[in-house]
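Trainee: Sequence and predicted model, in that order:
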Amino acid sequence: MQKRIQELDVLRVLAMLFVATFHFGLQYVAEGIPCFNLFCTTVNYDFGNIAVTLFIALSGGLLYKKYGTIGFSEESAFKEFYIKRFKTIYPPFWILSLYIPLTMIRHFMADGNAFFMGHPLKLLFTVVGFDGYIRQYGVDTYVFCGDWFVGAIVLLYLLFPLLAKCYHHRPYLTLSTLAVLYSCQYLIPAEYDDVFGALPVTLSLKFCIGFMLIENLDRLKNLRLVLVLALVFVVLTFVDIPGRINTDCLGAVAAIALFVVVLYVAPFLLRYKMIDLTVQKLATLSYCVFLVQHVGIVWAQMAFVKIFERMHWSFTEWNVMVLLGLTMGVILFASWILKRISDTIVKFFSRLAQSPRP
């Protein structure tokens, strides 16, 4: 059994927090509520890009560390890989997606039309986790939770055996080929920049960069390298670099720079028992937070707006910061409940499958 690398848990928690604060800021600004631009957007990138890049790189790197070098020559290894990915991804996603049939019933009772988002076959995209992903391309679906990230990570898991094999035998060629294909995507008209981060080549490149990062963890813990990349991160955060390269590329570079910096700093933080325990607890909730956070932010905001209206309070940037803390508490609590339910269901069916048949 491989030893857990705690420094990577710090990065996982950071990605989890960034995606929540990013969507929180977007949602409140969209409703015209004053909000600090804390962990939301910068002159070159947004923290949603940072969060997704970190999470994809971590997922790819850790999978490659466990499976990439042994390959899938044995059927048992191939089967084990996909069973574990299935148990991780789908149970919590399906549990949350139970809201969709309930909404269909409500629509049927209200206007006689259960299929309020169009053709019933669109529900198949929900079943396989691609409803949010294809919505990025302008297709209306019954998406409720997880946004486009679920479909993206499922796509990468399907591609993993191929990407791992290519990288294992020809790492530089694999990364170079993906980088060239990534660059070619800038030939796509700028009007489609909203989907740039979700394109398969973009995802695959970040996934394979994760292979390289985790494979070279010891080499990355170099003070000179850390200082250079810390400077790169600061420059990309505060110095406006014009052009379409800030569509996705600069955010990805900033994420990689932050990865190395946090990797170096994390051991010093983890010396404190309170931080160590907090990181351990939160890291296990990261995927569920990705599923819950957007819905939690919207629902919490609706509740806060009603409370403020009733109490005749005004929103300010400072009290919205308090609401951010309360919203994060709601998201973490809901994620903890979701994980407990999901784990219980998975364990139940696993025992059922292993029990001897008469």
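Mentor: Looks like it arrived, so ask away.

Trainee: Look up how far T344 lies from L96.
Mentor: The gap separating L96 from T344 is 15 Å, by Cβ to Cβ, to the nearest Å. (C-beta placed from N, C-alpha, C; glycine too.)

Trainee: Looking at those two, which one has more neighbours?
Mentor: L96 (19 against 11; other Cβ atoms under 10 Å).

Trainee: Pretty sure that one sits against C145.
Mentor: Yes: counting by Cβ atoms under 8 Å, C145 is a contact partner of L96 at 4.3 Å.

Trainee: what sits in contact with each of those two?
Mentor: Counting by Cβ atoms under 8 Å, 6 or more residues apart in numbering, the contacts common to L96 and C145 are L291, V292, V295.

Trainee: Okay, and which of those residues map to strands?
Mentor: Using DSSP state E, no member of the shared contacts of L96 and C145 falls in strands.

Trainee: between those, which is nearest G112?
Mentor: Nearest to G112 out of the shared contacts of L96 and C145 is V295 (Cβ to Cβ; 26.4 Å).

Trainee: quick one: contacts for the closest one?
Mentor: Counting by Cβ under 8 Å, 6+ apart, the residues that V295 touches are L96, F144, C145.

Trainee: switch to 6 Å and redo it
Mentor: C145 (Cβ atoms under 6 Å, 6 or more residues apart in numbering).

Trainee: I'd like the distance between it and L62.
Mentor: 27 Å.

Trainee: now I134
Mentor: Relative to L62, I134 is positioned 27 Å away (Cβ to Cβ).

Trainee: And for V10?
Mentor: Where L62 is concerned, V10 sits at a distance of 14 Å (Cβ to Cβ).

Trainee: cool, A15 as well?
Mentor: From A15 over to L62 (counting by Cβ to Cβ), the distance is 13 Å.

Trainee: quick one: which of these two has more around it?
Mentor: A15 (26 against 19).

Trainee: which residue sits closest to that one, ignoring its sequence neighbours?
Mentor: L54 (3.9 Å; Cβ to Cβ, 6 or more residues apart in numbering).

Trainee: I'd say that neighbour and A257 touch.
Mentor: No: in this structure, L54 is not within contact of A257 by Cβ atoms under 6 Å, at 11.1 Å.

Trainee: The two: which is more packed in?
Mentor: More neighbours surround L54 than the other of L54 and A257, with 26 against 23 (other Cβ under 10 Å).

Trainee: for this protein, which spans come out with low pLDDT?
Mentor: Low-confidence segments of the chain (pLDDT under 70): 1-3, 69-76, 146, 355-358.
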